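Asker: Sequence and predicted structure are below.
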Amino acid sequence: MEILRTIIRFLVIIIAIAILVFLSITLFKLIPRGINQLASATVSLGKTETIATTTPTQPVAQPAPVTDNGLNGIYTTQGDIVILENAPAKAPVKTVAKPVVKTPTYTYYNPTPVLSGRKNLRVSYSTMGVILNGQFVARNTFTTEDTISVRFLVLNEQDSPTGSYSMRVEMPAREYDDKVKILNNLNSIPGGSSYSVEARFSGVDLSQGTPIVRIYLDTENQVAESNESDNTVAVEIKNISNTYYNNTNYNYNYNNCDYNGNYSYNYNCNNNYSTGYNNNNSYSPNLSIVSLEVGRVINGSFYSQSYVNYGEKLAVRARVRNNGGYFSNSWSSKISLVDSNGYTRDFIPGSDNGLASGSESTILYEIDSLTRGTNRITFMADTSNAVSESNEGDNTQYATVQVN
């Protein structure tokens, strides 16, 4: 029994101690809170906190700013904000970025053009007419007494200047000295440029049939052209009424030699027509190349074309006319071919007999073993200088042929 009482006393003591501890803890939590409400600073259990107290500072009144319209704003203090009264509200000013206009600057670059070195002379017909009172009048009907003008265009079709060149103009003029004109060392034609040429002559010669005006460019072969086949042009003059002879056969006598209006000659006189008239007006023979063509001979007929196929024969046909007086000497011609490799071959078609005034001789010759590419043909009349001509500068003509 004594042991049981001891245990009960021990338990009562433990319970009492527990109650005291609980109450102590509760009091220690409540007491600081009450003290903090009674004092401005205190020490709490666990950590020290310092709470600063300040006295509010009243804002100092500042002079009211002057507005744009002259009214002084009246201020009232509300914290740190100054309110302007009686001052009209101003719309916010937007700053607009103005575009900066700069004066444009230009750099002009004119490079020196690089020329290809190619050049090509070409002649083409423009128009014809007569000269009246010194002025050109276009016309397609004429009389044998008119001063006729045939106009052409000479063009450099490539970009490089041609350099100096020559020109031959043949006209059906009545006066012998006006029939052929040779122009040498003509001014260079810039690339893509052209100028007009006029063949003008007075009095028309109808003795050779339909009058023809012919122009040949680069007769001395001074210009290395990209196309040698467009340097010649011929224009017929049609619708001509014969007012010079008026359909009457007028007879003239030059040192006992008959000369009539239809230009027939009586060679049974005491003049030697192989050397020309024996009066003061010399009438010497003159060989002139009327045309030069390249092509092929098929079944005995000549066909003009600017190309042949490799292995085919090339045909060269030239027409040579005596524009001067009769001659009886035999003469020869030569064909010179320069192939695409730069090699030259010469051919002699043979000899021809003398020619009467105004008559022609046709030379046809075939060449084989051509090389592929561009081949250049040069035809020369009277290469041995057997005929004493009034003009030795019109005995050469050129053509090109392409061998595919």
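Answerer: Yes, it's here.
Asker: show me the contacts for residue 306.
Answerer: For residue 306, the contact set (CB atoms under 8 Å, 6 or more residues apart in numbering) comprises 229, 294, 400, 401, 402. No exception for glycine: its C-beta is placed from N, CA and C like everyone else's.
Asker: could those be laid out in CSV, adding secondary structure and neighbour count?
Answerer: Listed next are these as CSV, based on DSSP: H, G, I helix; E, B strand; the rest coil; neighbours: other CB atoms under 10 Å:
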residue, secondary structure, neighbour count
229, coil, 16
294, strand, 23
400, strand, 17
401, strand, 22
402, strand, 16
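Asker: Out of these, which comes closest to residue 179?
Answerer: residue 229 (25.3 Å; CB to CB).
Asker: Please export the alpha-carbon coordinates of the host helix or strand of residue 293; CSV is fine.
Answerer: Applying DSSP states H and E as the criterion places residue 293 in strand 287-298. Provided in CSV are the C-alpha atoms of strand 287-298 (Å, rounded to 0.1, in the frame of the first residue of the first chain):
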residue,chain,number,x,y,z
LEU,A,287,38.8,47.0,-168.6
SER,A,288,36.4,47.2,-165.6
ILE,A,289,35.0,44.3,-163.5
VAL,A,290,31.2,44.6,-163.7
SER,A,291,30.5,41.7,-161.3
LEU,A,292,32.2,38.9,-159.3
GLU,A,293,30.1,36.0,-158.1
VAL,A,294,30.9,32.7,-156.3
GLY,A,295,28.7,29.6,-156.3
ARG,A,296,28.5,26.2,-158.0
VAL,A,297,28.2,24.8,-161.5
ILE,A,298,25.4,22.2,-161.6
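Asker: Return the set of buried residues in it.
Answerer: For strand 287-298, the neighbour count (16 or more other CB atoms under 10 Å) marks 287, 288, 289, 290, 291, 292, 293, 294, 295, 296 as buried.
Asker: can you map out the strands along the stretch 301-404 of the chain?
Answerer: Applying DSSP state E, counting those that start in this stretch to the stretch 301-404 of the chain gives strands spanning 301-304, 307-308, 314-322, 331-338, 344-352, 360-367, 373-381, 396-403.
Asker: between those, which one is nearest to residue 177?
Answerer: Closest approach to residue 177 among the strands of the stretch 301-404 of the chain (CB to CB): strand 314-322, 16.5 Å.
Asker: Just list the residues touching residue 186, thanks.
Answerer: So residue 186 contacts 164, 165, 166, 167 (CB under 8 Å, 6+ apart).
Asker: Can you say which of the residues you listed are buried?
Answerer: Buried by 16+ other CB under 10 Å: 165, 166, 167, out of those.
Asker: Only C-alpha atoms, please: export whatever helix or strand the second one lives in in CSV.
Answerer: Yep, that's residue 166 we're talking about. For residue 166, the host element (DSSP H and E) is strand 165-170. Extracted in CSV, the C-alpha atoms of strand 165-170 (Å, rounded to 0.1, in the frame of the first residue of the first chain):
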residue,chain,number,x,y,z
TYR,A,165,39.0,53.0,-147.7
SER,A,166,38.3,53.4,-151.4
MET,A,167,35.2,53.6,-153.6
ARG,A,168,34.5,53.1,-157.3
VAL,A,169,31.3,54.6,-158.9
GLU,A,170,30.2,53.7,-162.4
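Asker: Quick check: mean pLDDT of it?
Answerer: The average pLDDT for strand 165-170 rounds to 91.
Asker: Make JSON lines out of the buried residues of strand 287-298 and add pLDDT.
Answerer: Output for the buried residues of strand 287-298, formatted as JSON lines (pLDDT from 0 to 100):
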{"residue": "287", "pLDDT": "92"}
{"residue": "288", "pLDDT": "90"}
{"residue": "289", "pLDDT": "90"}
{"residue": "290", "pLDDT": "87"}
{"residue": "291", "pLDDT": "88"}
{"residue": "292", "pLDDT": "89"}
{"residue": "293", "pLDDT": "90"}
{"residue": "294", "pLDDT": "90"}
{"residue": "295", "pLDDT": "89"}
{"residue": "296", "pLDDT": "89"}
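Asker: between those, which is closest to residue 360?
Answerer: Of the buried residues of strand 287-298, the one sitting nearest to residue 360 (CB to CB) turns out to be residue 290, at 6.6 Å.
Asker: What's the separation between the closest one and residue 3?
Answerer: 169 Å (CB to CB, to the nearest Å).
Asker: same thing with residue 396?
Answerer: 165 Å.
Asker: and the two? which has more neighbours close in?
Answerer: The neighbour comparison of residue 396 against residue 3 (other CB atoms under 10 Å) goes to residue 396, with 20 against 7.
Asker: May I have the residues that are in contact with the more buried one?
Answerer: Going by CB under 8 Å, 6+ apart, the list of residues near residue 396 reads 219, 220, 221, 289, 378, 379, 380, 381.
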